[in-house]
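Asker: Return a 3D structure for these sequence lines:
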Amino acid sequence: MKPYPDYFITPLPWLPNIPAHWELVRNKNIFEETKDVVGDDIDAYPLLSLTTKGIILHDVASGKGKFPKDFNTYKIVKPGDMAFCLFDIDETPRTVGLSQYNGMLTGAYTIFHVANINPHYAYYYYLLLDNVKAMRPLYSGLRKTINAGTFLSCKLPLPPRPEQDQIVRFWDWKVSSINRLISIKRKQIALLHERQRVYISHIVTHGLHNNVSTKNSGVEWIGDIPEHWQTMRCKYLLSERDERSQEGQEQHLSMSQKYGLVPDSQLDERRMLSESYAGGKLCYKDDLVLNRLKAHLGVFALSPQSGVISPDYTVLIPNRERVLPTFAETVLKSVRCRGELRIRVRGIIEGFWRLYTDDFNTIVLPVPPIEEQAEIMEYIIEFRDKTKKYEDNLTQEISTLQEFKPRLISDMVIGKIDVRGIEIPECEFVEETVDTENDESMEGMEGETYEE
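Answerer: Numbers count the residues shown, from 1 in each chain. Coordinates of the predicted model:
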């Protein structure tokens, strides 16, 4: 693809030049602000949210997000309308969206009907500016606000309508191709994770060597084990620790499904923290910490250091003469053992299920000799490292593809490349898949105060 043959210089600080046959048109010629609010008709309009994925339907039932006392002042949004957040722009991850729904958005946003332009072209242009926060010269005040009048007097580059449509079709085609590749690579990562879980589960229940004599373990989930292995209930392998913090001054540790038990500072996002950790449970290095509410999901980990944790966690001390802490953790988090955890939880509905120590203690685990446990864990660490390198390569490829999309927007909507005359096949736009496997589900002290 080549650039256009001729360009002219623009007065826009974020756009040095555009193709010679394009125009500069004021926003007021394509945007008409609408201030219609839902009033008492809130039941007629689903709630929408402006996100980094665009304007989406908000799942109110999920309980996620903040809600006002009432929605009477929320603005009506129609398909083809554009929404702008024209304040706190640098701090807001996404400040522009194009709606495909009839619904309502917070009254803090500015809503425009779009005319005399392909709305997707207008959206891609302002998405480009939002990606780099290019409209800083228009900010005013401490909250970095763009006045609606200032915005409407600003100009944007406008190709002829057939060219707008071609740019939109080309972008949708290319981005769909990129999204398909991202989806394939995410599926490869998910398959890699699944194979790793199954393989490790097999190793910790059957060992590394295939040429040894075996015996029936007598435990259904374990199956046959090497003849020289034992089986033991958890009560003989781990004992509960219930020490409490007096003042809560110890390092606070939080449980992360992705990272394990880590100091709060190592988490990707800020957590709601307790006013006081007094009365929280103490744990020490290599204690096995169990989130009782999520034990059936394998949410537990060895503690990397001493610290204070939620009193709703269970702290277990491995009997090192019989089991290595890392081996105990790996067996309990294995795919095969997950079912044993699930059938022992108590509670009416999921989310309130708890695994109590007495029930946990009844689980039977395979127990190789200590030396063999060490050999197995050394092999698993090496195996995980190799798998991680392959996963990192796939993750980097996904990152590169994601970074290419905004550059593609930039090249087209500001006229760096000429897509006229390119034959574009019929295709349905494909959204980027969401990486649900790595979504965090973390439980800490949930902002409550615990006192002894």
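
Asker: for the lowest-mean-pLDDT helix or strand in the chain, packing partners?
Answerer: The helix or strand of the chain with the lowest confidence, counting by mean pLDDT, DSSP states H and E, is strand 253-256 at a mean of 86. When contacts are defined as 3 or more C-beta pairs under 8 Å, 6 or more residues apart in numbering; DSSP states H and E, strand 253-256 sits against strand 260-263, strand 288-291, strand 307-309. Using the backbone N, CA and C atoms, a C-beta is placed for each residue, glycine as well.

Asker: Leu365 is nearest to which of those?
Answerer: For the helices and strands packed on strand 253-256, proximity to Leu365 was assessed by C-beta to C-beta; strand 288-291 is nearest, at 12.1 Å.

Asker: and that closest one, what does it pack onto?
Answerer: Secondary-structure packing of strand 288-291 (3+ C-beta pairs under 8 Å, 6+ apart): strand 253-256, strand 300-302, strand 313-318, helix 325-332.

Asker: CSV please, covering the ones you listed and showing distance to Gly141 and mean neighbour count.
Answerer: Formatted as CSV, the helices and strands packed on strand 288-291 follow (distance: least, C-beta to C-beta, whole Å; neighbours: other C-beta atoms under 10 Å):
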stretch, distance to Gly141, mean neighbour count
strand 253-256, 37, 23
strand 300-302, 46, 21
strand 313-318, 46, 22
helix 325-332, 53, 22
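
Asker: could these go into a markdown table alongside distance to Tyr379?
Answerer: Formatted as a markdown table, the helices and strands packed on strand 288-291 follow (distance: least, C-beta to C-beta, whole Å):
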| stretch | distance to Tyr379 |
| --- | --- |
| strand 253-256 | 26 |
| strand 300-302 | 18 |
| strand 313-318 | 20 |
| helix 325-332 | 11 |
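
Asker: who wins for proximity to His193 among those?
Answerer: helix 325-332 (15.1 Å).

Asker: what bits of the stretch 51-200 of the chain have low per-residue confidence?
Answerer: Counting by pLDDT under 70, the ranges of the stretch 51-200 of the chain that qualify are 60-67.

Asker: who touches Trp171 in this structure?
Answerer: Applying C-beta atoms under 8 Å, 6 or more residues apart in numbering, we find Trp171 in contact with Tyr124, Leu408, Ile409, Met412.

Asker: Out of those, flag the one nearest to Pro93.
Answerer: Ile409 (16.4 Å).

Asker: How far off centre is stretch 238-247?
Answerer: In terms of C-alpha atoms, centre = their mean, to the nearest Å, the centre of stretch 238-247 is set 33 Å apart from its chain centre.

Asker: how about the nearest residue to Phe360 once chain neighbours are set aside, what does it touch?
Answerer: The shortest distance from Phe360 to any non-neighbouring residue, by C-beta to C-beta, 6 or more residues apart in numbering, is to Cys234 (5.8 Å). Residues near Cys234 by C-beta under 8 Å, 6+ apart: Phe360, Asn361, Thr362, Ile363, Val364, Leu365.

Asker: can I get those residues in CSV with distance to Asn211?
Answerer: Listed next are the contacts of Cys234 as CSV, based on distance: C-beta to C-beta, whole Å:
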residue, distance to Asn211
Phe360, 35
Asn361, 35
Thr362, 33
Ile363, 29
Val364, 26
Leu365, 24
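
Asker: Which of these fall in helices?
Answerer: Of the contacts of Cys234, the ones assigned to helices by DSSP state H are Phe360.

Asker: Most neighbours among the contacts of Cys234, please name it.
Answerer: Within these, neighbour counts (other C-beta atoms under 10 Å) peak at Leu365, which reaches 26 neighbours.
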